[in-house]
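>>> Build me a structure from this.
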Amino acid sequence: MSEPRELAQLRWRCRRGMRELDLLMSGWLDRHYAASSPGLQAQFRRLIDTPDPVLLAWLTGRERPDDPGLEQLIDAMRAD
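Modelled structure (predicted):
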C-alpha cells in the first residue's frame, strides 16, 4: 500500500542535500507528523521552506527562529 500523496511529497521535500538535515527532517516526519495537531503539521510544512543554512542553525541551537510556532517545533525536533 502506498503512502498518502501529501506524506510522499513531504518526504521528498525533506531531502535537503545535507545528511544531518535529511535525518532530522525525515525522522520527525516518520515518527510524529501523522499524530501531530493540524497546527503543528502546518508549522512543519512552513519549516520545510526554510533555507538549509538557517534550518541547520536552528536545529543545532546556534540561532532561534523569531516565530514562536516554529520555535516550538524546533524544540520538539531537537528533543526527539
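
>>> ok, how many other residues are close to Leu24?
21 (other Cβ atoms under 10 Å). Quick note: C-beta positions are derived from backbone N, CA and C, even for glycine.

>>> Hmm, Leu59 and it touching each other?
Yes - using Cβ atoms under 8 Å, Leu24 is in contact with Leu59, at 5.7 Å.

>>> So which residues make contact with stretch 22-41?
7, 10-11, 14-16, 44, 47-48, 59, 69, 72-73, 76-77, 80 (Cβ atoms under 8 Å, 6 or more residues apart in numbering).

>>> which residue ranges form the helices in the chain?
5-13, 19-28, 38-48, 52-59, 68-79 (DSSP state H).

>>> what helices or strands is the shortest one leaning on?
What it means is helix 52-59. Counting contacts by 3 or more Cβ pairs under 8 Å, 6 or more residues apart in numbering; DSSP states H and E, helix 52-59 packs against helix 19-28, helix 68-79.

>>> Asp52: which of these is closest?
For these, the distance to Asp52 is smallest for helix 19-28, at 6.2 Å, taking Cβ to Cβ.

>>> re the thing from before, want to throw the helices of the chain into TSV with mean pLDDT?
Formatted as TSV, the helices of the chain follow (pLDDT from 0 to 100):
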stretch	mean pLDDT
helix 5-13	93
helix 19-28	94
helix 38-48	95
helix 52-59	96
helix 68-79	94
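
>>> Export the helices and strands packed on helix 52-59 to a markdown table and append columns for distance to Gly39.
Output for those, formatted as a markdown table (distance: least, Cβ to Cβ, whole Å):
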| stretch | distance to Gly39 |
| --- | --- |
| helix 19-28 | 15 |
| helix 68-79 | 7 |
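
>>> so which of those comes closest to Pro53?
helix 19-28 (10.1 Å).

>>> Pull the CA coordinates from the closest one and hand them back as PDB.
Taking C-alpha atoms only, helix 19-28 is exported to PDB below (Å, rounded to 0.1, in the frame of the first residue of the first chain):
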ATOM      1  CA  ARG A  19      22.600  14.300   5.600                       C
ATOM      2  CA  GLU A  20      22.100  15.700   9.100                       C
ATOM      3  CA  LEU A  21      19.100  17.700   7.900                       C
ATOM      4  CA  ASP A  22      17.700  14.800   5.900                       C
ATOM      5  CA  LEU A  23      17.800  12.600   9.000                       C
ATOM      6  CA  LEU A  24      16.300  15.200  11.300                       C
ATOM      7  CA  MET A  25      13.500  16.200   9.000                       C
ATOM      8  CA  SER A  26      12.500  12.800   7.600                       C
ATOM      9  CA  GLY A  27      12.900  11.300  11.100                       C
ATOM     10  CA  TRP A  28      10.400  13.700  12.600                       C
END
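
>>> Good, wrapping up.
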